[in-house]
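> just coords:
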(Lines give C-alpha, C1' and ligand atoms only; values in the text may rest on other atoms or scores of the structure.)
Protein backbone atom coordinates (compact mmCIF):
# COMPACT_ATOMS: atom_id res chain seq x y z
CA UNK A 1 0.00 0.00 0.00
CA UNK A 2 3.06 2.25 0.25
CA UNK A 3 2.68 3.02 3.95
CA UNK A 4 5.69 3.52 6.22
CA UNK A 5 4.62 3.39 9.89
CA UNK A 6 6.91 5.05 12.42
CA UNK A 7 6.77 3.07 15.66
CA UNK A 8 7.68 4.48 19.07
CA UNK A 9 7.14 2.56 22.28
CA UNK A 10 6.77 4.35 25.60
CA UNK A 11 5.87 3.41 29.15
CA UNK A 12 2.18 4.13 28.55
CA UNK A 13 1.87 1.27 26.04
CA UNK A 14 4.71 -1.05 27.03
CA UNK A 15 4.19 -4.26 28.95
CA UNK A 16 7.91 -4.12 29.86
CA UNK A 17 8.33 -7.90 29.64
CA UNK A 18 9.99 -8.53 26.27
CA UNK A 19 8.38 -9.53 22.99
CA UNK A 20 9.33 -13.19 23.22
CA UNK A 21 6.65 -13.83 25.85
CA UNK A 22 3.25 -13.78 24.20
CA UNK A 23 4.04 -10.98 21.75
CA UNK A 24 4.77 -8.41 24.43
CA UNK A 25 7.54 -5.88 23.98
CA UNK A 26 9.83 -3.73 26.10
CA UNK A 27 11.57 -1.36 23.66
CA UNK A 28 11.23 0.27 20.24
CA UNK A 29 13.22 -2.45 18.48
CA UNK A 30 11.06 -5.33 19.66
CA UNK A 31 7.87 -3.34 18.98
CA UNK A 32 9.03 -2.60 15.42
CA UNK A 33 9.85 -6.28 14.83
CA UNK A 34 6.47 -7.35 16.21
CA UNK A 35 4.73 -4.83 13.92
CA UNK A 36 6.78 -5.96 10.91
CA UNK A 37 5.64 -9.54 11.49
CA UNK A 38 2.05 -8.67 12.37
CA UNK A 39 1.54 -6.38 9.37
CA UNK A 40 3.40 -8.66 6.91
CA UNK A 41 5.95 -5.94 6.10
CA UNK A 42 8.60 -6.63 3.48
CA UNK A 43 11.27 -4.64 5.36
CA UNK A 44 11.88 -3.54 8.93
CA UNK A 45 14.21 -0.59 9.57
CA UNK A 46 15.68 -0.02 13.04
CA UNK A 47 17.34 3.32 13.74
CA UNK A 48 20.39 3.84 15.95
CA UNK A 49 22.99 6.45 16.82
CA UNK A 50 25.72 3.78 16.71
CA UNK A 51 27.79 3.10 13.57
CA UNK A 52 26.64 -0.53 13.40
CA UNK A 53 27.45 -4.03 14.68
CA UNK A 54 31.07 -4.65 15.67
CA UNK A 55 33.06 -7.84 16.21
CA UNK A 56 33.66 -6.70 19.80
CA UNK A 57 32.46 -3.76 21.89
CA UNK A 58 33.23 -0.64 19.85
CA UNK A 59 34.98 0.94 22.83
CA UNK A 60 37.70 -1.73 22.63
CA UNK A 61 40.75 -1.01 20.53
CA UNK A 62 40.77 -2.87 17.22
CA UNK A 63 36.97 -3.29 17.09
CA UNK A 64 35.90 -3.80 13.48
CA UNK A 65 32.60 -2.71 12.00
CA UNK A 66 30.88 -5.64 10.32
CA UNK A 67 29.51 -4.80 6.85
CA UNK A 68 26.88 -7.53 7.21
CA UNK A 69 25.62 -9.42 10.24
CA UNK A 70 25.03 -13.17 10.14
CA UNK A 71 23.58 -14.94 13.18
CA UNK A 72 26.56 -17.33 13.19
CA UNK A 73 29.07 -14.51 13.61
CA UNK A 74 30.67 -13.65 16.90
CA UNK A 75 29.91 -10.07 17.85
CA UNK A 76 30.63 -7.88 20.84
CA UNK A 77 27.98 -5.71 22.39
CA UNK A 78 29.04 -2.58 24.24
CA UNK A 79 27.27 -0.76 27.04
CA UNK A 80 23.69 0.38 26.46
CA UNK A 81 22.97 4.07 26.26
CA UNK A 82 21.77 5.65 29.48
CA UNK A 83 18.92 7.19 27.46
CA UNK A 84 17.31 3.99 26.16
CA UNK A 85 16.37 0.45 27.08
CA UNK A 86 17.34 -1.41 23.93
CA UNK A 87 20.91 -1.20 22.72
CA UNK A 88 22.53 -3.13 19.88
CA UNK A 89 21.75 -6.48 21.51
CA UNK A 90 18.07 -5.59 21.36
CA UNK A 91 18.40 -4.57 17.70
CA UNK A 92 20.03 -7.89 16.81
CA UNK A 93 17.33 -9.88 18.66
CA UNK A 94 14.56 -7.80 17.09
CA UNK A 95 16.04 -8.21 13.60
CA UNK A 96 16.24 -11.97 14.04
CA UNK A 97 12.63 -12.07 15.25
CA UNK A 98 11.42 -9.86 12.38
CA UNK A 99 12.75 -12.25 9.72
CA UNK A 100 12.37 -15.56 11.56
CA UNK A 101 10.40 -18.44 10.00
CA UNK A 102 6.74 -17.66 9.52
CA UNK A 103 7.34 -13.99 8.84
CA UNK A 104 6.82 -12.33 5.47
CA UNK A 105 9.48 -9.76 6.40
CA UNK A 106 12.46 -10.41 4.14
CA UNK A 107 15.06 -8.12 5.68
CA UNK A 108 15.76 -6.01 8.75
CA UNK A 109 18.19 -3.14 8.35
CA UNK A 110 19.84 -1.16 11.17
CA UNK A 111 20.60 2.41 10.05
CA UNK A 112 22.42 5.23 11.77
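Sure thing, it's come through. Since we're looking at a predicted model, the values are computed, not measured.
> quick check, distance from stretch 33-49 to the centre of its chain.
9 Å (CA atoms, centre = their mean, to the nearest Å).
> Can you give me the buried ones in it?
Using 16 or more other CB atoms under 10 Å as the test for burial, stretch 33-49 gives 33, 34, 35, 36, 37, 41, 44, 46, 48. C-beta: built from backbone N, CA, C; applies to glycine.
> mind checking which helix or strand of the chain has the lowest mean pLDDT?
When each helix and strand of the chain is scored by mean pLDDT, DSSP states H and E, strand 107-111 comes last, with a mean of 85.
> remind me which residues of this structure are low pLDDT?
Low-confidence segments of the chain (pLDDT under 70): 1-3, 9-26, 78-86.
> Name the residue closest to the centre of the chain, please.
The centroid of the chain falls nearest to residue 91 when counting by CA atoms, centre = their mean (2.3 Å).
> For residue 44, give me its contacts.
By CB atoms under 8 Å, 6 or more residues apart in numbering, the contact list for residue 44 reads 32, 33, 35, 36, 94, 95, 98, 99, 105, 107, 108, 109.
> Could you verify my assumption that the fifth one touches residue 30?
It stands for residue 94. Yes. If you go by CB atoms under 8 Å, residue 94 and residue 30 touch, sitting 5.1 Å apart.
> Can you report how many residues lie near residue 90?
23 (other CB atoms under 10 Å).
> Whichever strand or helix holds it packs against which elements?
According to DSSP states H and E, residue 90 maps onto helix 88-98. The contact analysis (3 or more CB pairs under 8 Å, 6 or more residues apart in numbering; DSSP states H and E) places helix 88-98 against helix 28-38, strand 43-47, strand 107-111.
> Dump these to a markdown table, plus distance to residue 56.
Formatted as a markdown table, the helices and strands packed on helix 88-98 follow (distance: least, CB to CB, whole Å):
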| stretch | distance to residue 56 |
| --- | --- |
| helix 28-38 | 21 |
| strand 43-47 | 21 |
| strand 107-111 | 17 |
